[in-house]
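1. Pasting the sequence and the predicted coordinates here, then a few questions.
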Amino acid sequence: MSRKLSPRPLSAKPSPPDIVTYRYEGEMVYVPPAQNHQDAIRLARSEFGEPLRHVFDRQISFSVNSVVHHETRSVRISPLSWPTVMSTLSRYEIIDVIVQPCIDVDCPPEYPVTQDEKSDLKSSVYLEPPSPKSSRRSLSRSPSPDHDGTVETSKTRSWFGKLKP
């Protein structure tokens with residue numbers, strides 16, 4: 001007795017998977033699919049432990065492999081598209097956990113120095129900072145107080161530097 005399969009109605013949505021696979025640095029683990037991106041980050045941290053413990057949430061992203069124009073490519077899952085993408089995955093499908101590099105905005109970027117620039121830095125073309133002895137030359141223009149704390153005002157200098165009584 002042969003059984004005829006009837007086609008699935010077009011309005012029926014595929015059911016979301018009950019289990020997926022997270023992969024991080026070659027290690028894989030079966031997990032229930034997270035409801036949202038933030039839950040996925042928490043789940044990845046709980047499953048992979050120490051390597052993700054001190055990583056900022058914004059550095060953790062997820063991707064799936066997809067065939068695009070006959071070529072397999074990694075496609076990142078954005079936080080807003082998480083529920084939609086999860087509903088289309090197959091059971092046991094692999095979701096890659098990726099740690100993006102931390103961008104430190106407090107420091108200026110470092111650029112490679114060429115050999116010519118290194119020799120320029122060693123040459124005496126650049127000014128040297130002033131020595132501590134030369135910084136004593138800058139004297140204060142305000143009168144200094146006497147030992148008793150009062151300012152001496154009885155003697156003043158004239159325009160040409162002679163003392164006037």
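-> That came through, no problem.
2. quick one, what contacts M28?
-> T21, Y22, I94 (Cβ atoms under 8 Å, 6 or more residues apart in numbering). For every residue, glycine as well, the C-beta is placed using N, CA and C.
3. Look up how far P112 lies from R45.
-> 35 Å (Cβ to Cβ, to the nearest Å).
4. What subset of the contacts of M28 is buried?
-> Neighbour-count burial (16 or more other Cβ atoms under 10 Å) applied to the contacts of M28 gives T21, Y22.
5. Take the contacts of M28 and lay them out in CSV including secondary structure.
-> Compiled in CSV, those are given as follows (DSSP: H, G, I helix; E, B strand; the rest coil):
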residue, secondary structure
T21, strand
Y22, strand
I94, strand
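6. quick one: which of the contacts of M28 is nearest P51?
-> Checking the contacts of M28 against P51 by Cβ to Cβ gives Y22 as the nearest, at 12.7 Å.
7. In this structure the closest one contacts A34, no?
-> No. Using Cβ atoms under 8 Å, Y22 makes no contact with A34, being 9.5 Å away.
8. This completes my enquiry, with thanks.
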